[in-house]
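>>> fold the stuff below for me.
(one chain, ligands or ions: 1)
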Amino acid sequence: MSTIFSQIVEGEIPARVVYEDETTMAFLDANPLAPGHTLVIPKDEHERLNDVPDAVATDLYATVHRLVPAVEASVDADASTVAFNNGEAAGQEVPHVHCHIVPRFEGDGGGPIHAVAGDTPDLEDDELDEIAGEIESRA
Ligand code: AMP
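Numbers count the residues shown, from 1 in each chain. Sure thing, here's the model as predicted:
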């Protein structure tokens, strides 16, 4: 079963496609959080960022980089929130990597990305050192 986004790539279901190249595509979100809310995807089906091959990741970021100013300018936005819901526990519903570009406007009532997490942890210095070490060893 291909994802709904693969069906868009294949032209099996309609979408308002705003950009396409060999490996990536961008189209308007069907349920926009703001005018111009755009999704950028790799054409190949990868569920999470963790699954995306390096070359595709490079292409994906290049398309995000290209689309952010295009989207903002097209709706006269003051800023944008650019984010991935990476995995179900983070709110990802469509299991096909996609970057949300959400135009933001002064006084739009939205929050910063800091608002998406639950209770913030109270971490001691040694715990922070240990976590930093674990990440550094895998990066
Ligand atoms: P996420 O929760 O990060 O998986 O977000 C999935 C996004 O895909 C939501 O914002 C939906 O509105 C959007 N979406 C779902 N189906 C379609 C579709 N057929 N065309 C465009 N956007 C879609």
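>>> residue contacts, the residue positioned nearest the centre of the chain?
For the chain, Cys99 is the residue whose C-alpha lies nearest the centre (Cα atoms, centre = their mean; 1.9 Å). Under the criterion of Cβ atoms under 8 Å, 6 or more residues apart in numbering, the neighbours of Cys99 are 39-41, 60, 64, 82-84. For glycine as for every other residue, the C-beta is placed from the backbone atoms N, C-alpha and C.
>>> can you classify the closest residue to it other than its chain neighbours by secondary structure?
Residue nearest to Cys99 in three dimensions, not counting chain neighbours: Val40, with 4.3 Å by Cβ to Cβ, 6 or more residues apart in numbering. Following DSSP: H, G, I helix; E, B strand; the rest coil, the label given to Val40 is strand.
>>> on that earlier part again, filter the contacts of Cys99 down to the ones near the ligand?
Applying Cβ under 6 Å from any ligand atom to the contacts of Cys99, one finds that Leu39 fall near the ligand.
>>> which helix or which strand is home to Pro69?
Using DSSP states H and E, Pro69 maps to helix 54-75.
>>> having no further points to raise, I will conclude here.
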